[in-house]
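*Asks:* structure for this input, please:
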Amino acid sequence: MTNLFPEAQKRQNTVLIVDDDKTMVSALSQILSPKYTVYVARDGFDALEVAGELLPDIILLDIIMPGMNGYEVITALKKEPETRDIPVIFVSGLDSIPDEVKGLRLGAVDYMNKPFTTEMVRLRVGNHMQIINQMRMIEYLSVTDALTGVANRRKFNLTLDEEWQRALKLGMPLGLMLLDIDFFKRCNDNYGHLKGDEVLKTVACIIKNKAKRCNDFVARWGGEEFAVILPETDPKGAEVLAEEIRLGVRGFDFEPILGDGEVITISIGVGSVVPVGDAVINHFIDAVDKALYHSKQTGRDKVSLVQM
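*Replies:* Below is the predicted model of the structure:
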């Protein structure tokens, strides 16, 4: 079956093993490494550093370690926003019920006793990893446009707010463009909605291929409209990229989709601003939207830059 959402399953799942016993680390690594990427930390301090840097999917944590015990490690992990949601499984020689209860009360999702069996480790880790992957897929679907595979309007709103706050803090410019496929209703009427869907997916792909810096963010704004957030981009840079996207769409051969050499064009409104303390993000969006309207009202297939 075709994977409609490959972005949600790109990386291999990861496990961080935290134990000062080399024999235990070796045994767990041999069990898990065929299926997962395995990282190792030899003590609690190292575990916090590695977990914060690599953000593993699951942490297997010993309790009795020199310097910082497992209970202290999980407490520290739960205090940090970046690591507090990482599932922790205690793997310990402390096998009393009070020990297990304490571990679970501190936020562990599971507790395995030493000595362990290969099957036990595989099943326990595998079950929790399945839950993680399901939750990741649910989260991905909740912020992704099902047709085009780019972000949806909800994710756009969240990302724009985050980038606005970051630009405000750093005093950096933030670019934004709104794009609309020209005469898209006519395309649907002439060729049908299935062909129209193919056009939407193709245009989304062209935009993504042009807006390819790691921080550039592409979303479906709604209907036949798209939006691109451009962190640290001044007006000239935003305008240049908008023109590259416009030419990319105009120059694309849509004949395999539409069958008769129909040319698809887009209109774009673009702007860039350095946010200040009393600036309102909606005013920025409205200004760029008016620039898009200007492009459509003055001939379409063009870029209009709003002066902020």
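*Asks:* where exactly do the helices run in the protein?
*Replies:* Secondary structure of the chain (DSSP state H): helices at 22-32, 44-54, 70-79, 97-105, 118-142, 153-170, 184-191, 193-210, 235-250, 255-258, 281-297.
*Asks:* what about these, which gets the closest to Gly223?
*Replies:* In this view, the helices of the chain are compared for proximity to Gly223 by Cβ to Cβ, and helix 184-191 is the closest at 7.6 Å. No exception for glycine: its C-beta is placed from N, CA and C like everyone else's.
*Asks:* for that closest one, which positions count as buried?
*Replies:* Phe184, Cys187, Asn188, Tyr191 (16 or more other Cβ atoms under 10 Å).
*Asks:* so who does the last one touch?
*Replies:* Right, Tyr191. The contact partners of Tyr191, by Cβ atoms under 8 Å, 6 or more residues apart in numbering, come to Leu258, Gly259, Glu262.
*Asks:* so what pLDDT did the last one get?
*Replies:* So that's Glu262. What the model reports for Glu262 is a pLDDT of 83.
*Asks:* and if you look at the second one?
*Replies:* Gly259 carries a pLDDT value of 82.
*Asks:* excluding its backbone neighbours, what's nearest it?
*Replies:* Tyr191 (7.7 Å; Cβ to Cβ, 6 or more residues apart in numbering).
*Asks:* which one of the buried residues of helix 184-191 is nearest Leu292?
*Replies:* When those are ranked by distance to Leu292 (Cβ to Cβ), Phe184 comes first, at 13.8 Å.
*Asks:* next one: the residue lying closest to the closest one once chain neighbours are set aside from Leu48, what distance?
*Replies:* With sequence-adjacent residues excluded and distances taken as Cβ to Cβ, 6+ apart, Phe184 is closest to Glu224, at 3.9 Å. Counting by Cβ to Cβ, to the nearest Å, the separation of Glu224 from Leu48 is 48 Å.
*Asks:* quick revisit: among the contacts of Tyr191, who's most crowded?
*Replies:* Most neighbours among these, by other Cβ atoms under 10 Å: Leu258, with 18 neighbours.
*Asks:* from Thr118, how far off is Asn190?
*Replies:* Note on Asn190: its distance to Thr118, by Cβ to Cβ, is 62 Å.
*Asks:* what do you get for Lys210?
*Replies:* For Lys210, the distance to Thr118 - Cβ to Cβ - is 49 Å.
*Asks:* and those two? Which one has more around it.
*Replies:* Ranked by neighbour count (other Cβ under 10 Å), Lys210 and Thr118 place Lys210 first, with 19 against 12.
*Asks:* pretty sure that one contacts Gly248?
*Replies:* Yes. Lys210 is within contact range of Gly248, at 5.5 Å (criterion: Cβ atoms under 8 Å).
*Asks:* in the chain, what spans have low per-residue confidence?
*Replies:* For the chain, the stretches flagged by pLDDT under 70 are 1-10.
*Asks:* which one in it is furthest away from the centre?
*Replies:* Going by Cα atoms, centre = their mean, the residue of the chain most distant from its centre is Ser96, 41.0 Å out.
*Asks:* ok, Val218 - contacts?
*Replies:* Contacts of Val218 by Cβ under 8 Å, 6+ apart are Val150, Ala151, Ala204, Ile207, Lys208, Ala211, Phe226, Ala227, Val228.
*Asks:* wait, Arg250
*Replies:* Val263, Ile264, Thr265, Ile266, Asp301.
*Asks:* now, which of those sits nearest Trp164?
*Replies:* Using Cβ to Cβ, those come closest to Trp164 at Ile266, 24.7 Å.
*Asks:* number of residues surrounding Asp260?
*Replies:* Neighbour count for Asp260, taken as other Cβ under 10 Å: 8.
*Asks:* separation between it and Pro66?
*Replies:* Counting by Cβ to Cβ, the gap from Asp260 to Pro66 is 75 Å.
*Asks:* and for Ala76?
*Replies:* According to Cβ to Cβ, Ala76 stands 16 Å off from Pro66.
*Asks:* name the residue in those two with the higher neighbour count.
*Replies:* Of the pair Ala76 and Pro66, Ala76 is the one with more neighbours under other Cβ under 10 Å, namely 18 against 9.
*Asks:* grab the nearest non-local neighbour of that one.
*Replies:* The shortest distance from Ala76 to any residue other than its chain neighbours is 5.6 Å, reached at Leu48 (Cβ to Cβ, 6+ apart).
*Asks:* mind listing what the one you found touches?
*Replies:* Applying Cβ under 8 Å, 6+ apart, the residues contacting Leu48 are Val73, Ala76, Leu77, Thr83.
*Asks:* quick one: which of those residues has the most company?
*Replies:* For the contacts of Leu48, the largest neighbour count, defined by other Cβ under 10 Å, is 26 neighbours, found at Val73.
*Asks:* surely that one and Asp46 touch.
*Replies:* No. Using Cβ under 8 Å as the test, Val73 is too far from Asp46 to be in contact (9.9 Å).
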